[in-house]
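Visitor: Below are the sequence and a predicted model; questions follow.
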Amino acid sequence: MRALSFAAPDRPELRDVDMPTITPNEILVRMKAVGICHSDYELLGGRYIIPISYPVTPGHEWCGEIVDVGRDVRGFAVGERVVGECVVRLPDRVHHFGFSLDGADREFFTVRPEWLHKLPDSIDDLAASLIEPFTCGFYGVQRLGGTNASETVVVSGGGTIGLVSAAAAIGMGARVIVIDPIAHRRAAALKLGADTVIDPATENAVERVMELTGKGADLVIEAAGHDRSLGVVFDLVREEGRVAMIGINIGREVSSHLGNIQMRNLTVMGCIGSPGVWPAAIRFLERTRLDLSPIRTHSFALEDAVAAFELGKQADRCIKVTLLNA
């Protein structure tokens, strides 16, 4: 079968590999769709938040179909469509699927049933490949108490995580403002249902938010992790408001108005991953019928995975690139 492999840092290769075999407590899945994530590029570049080794097959934003079930597995059947969590536990330690374990950028792969969630018929394969990032945005909003139609939510950063965070807040009924300097990201935010978008390259984002709200946002989601966004995040929120820090910026120093945390009596939380929210997030998508398709901008066959990763580096051209197994 065909598989994408990171043979070494900055060496993506498409390889012919042996079909995997399952143990009695494993499931064999046929990949149907896998999204390319920013963290995949961290892996490709030789950087990640836990130890990794090469070669490794990436792919953690996936949807697949069960094609075989180990004799000791209960509750899953051949033909069911599933998605799987990224942070998983094995006897030796916690692993990240697609990072410290080979992931889904291959025709077939093995998983354990405790990682999986079944898909409702109303969520198609392409939409399902966005569930993993959606759970991260959903978790960020929920971790700060959720939101509702009485609130204004500002999302700083219009990449995938920013847009799924905006979608979660939109689905909960909030007025949503998205800040991003890239035009097609702002356009995607409006298609998702955002009320207002702000280009921080041409407008003062803080002044514009204050003009729109009169007091600042009830909830700010920092999803960019960029210096400029981090520098003003505490200026965007109202007194006694909440801030979810989702954007990743590790090992860098950024000047920010930290005094506002105390002076405005803010609640600030760091959020990473999506522990414990997958079933709720899937039910949420099923019930709200949120259309996340504006986030998907390009699709490639698995055979063209190396070209897909090359395109995905170009933030000015694409948001979410998806690999498909025809």
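Guide: That came through, no problem.

Visitor: Tell me how many other residues crowd residue 276.
Guide: If you count neighbours by other Cβ atoms under 10 Å, residue 276 ends up with 10. All C-beta atoms are positioned from the backbone trio N, CA, C, and that covers glycine.

Visitor: repeat for residue 326
Guide: 6.

Visitor: dump the residue contacts of it.
Guide: residue 301 (Cβ atoms under 8 Å, 6 or more residues apart in numbering).

Visitor: Can you tell me how far it is from residue 149?
Guide: 42 Å (Cβ to Cβ, to the nearest Å).

Visitor: got it, and residue 122?
Guide: Counting by Cβ to Cβ, the gap from residue 122 to residue 149 is 24 Å.

Visitor: Check the secondary structure at the residue of the chain most remote from its centre for me.
Guide: If you look at how far each residue of the chain sits from its centre, by Cα atoms, centre = their mean, the farthest one is residue 71, at 33.0 Å. Secondary structure state of residue 71, per DSSP: H, G, I helix; E, B strand; the rest coil, is coil.

Visitor: Spatially, what comes nearest to it if we skip its sequence neighbours?
Guide: Of all residues not flanking residue 71 in the chain, residue 24 sits nearest, at 4.9 Å (Cβ to Cβ, 6 or more residues apart in numbering).

Visitor: Ok, residue 224 next?
Guide: residue 157 (2.9 Å).

Visitor: how many neighbours does that neighbour have?
Guide: With other Cβ under 10 Å as criterion, residue 157 counts 25.

Visitor: Is it correct that it is in contact with residue 220?
Guide: No: the criterion here is Cβ atoms under 8 Å, and residue 157 misses it with residue 220 at 10.8 Å.

Visitor: Low-confidence ranges, the stretch 1-150 of the chain, go.
Guide: Nowhere does the stretch 1-150 of the chain drop to pLDDT under 70.

Visitor: now the helices for it?
Guide: 38-44, 125-128, 131-143 (DSSP state H, counting those that start in this stretch).

Visitor: quick one: which of these is nearest residue 161?
Guide: helix 131-143 (5.8 Å; Cβ to Cβ).

Visitor: Work out the gap between that closest one and the centre of the chain.
Guide: 8 Å (Cα atoms, centre = their mean, to the nearest Å).

Visitor: Adjust the sequence numbering to begin at 251 for everything that follows.
Guide: With 251 as the first residue, the last one maps to helix 381-393.

Visitor: Okay then, goodbye and thanks.
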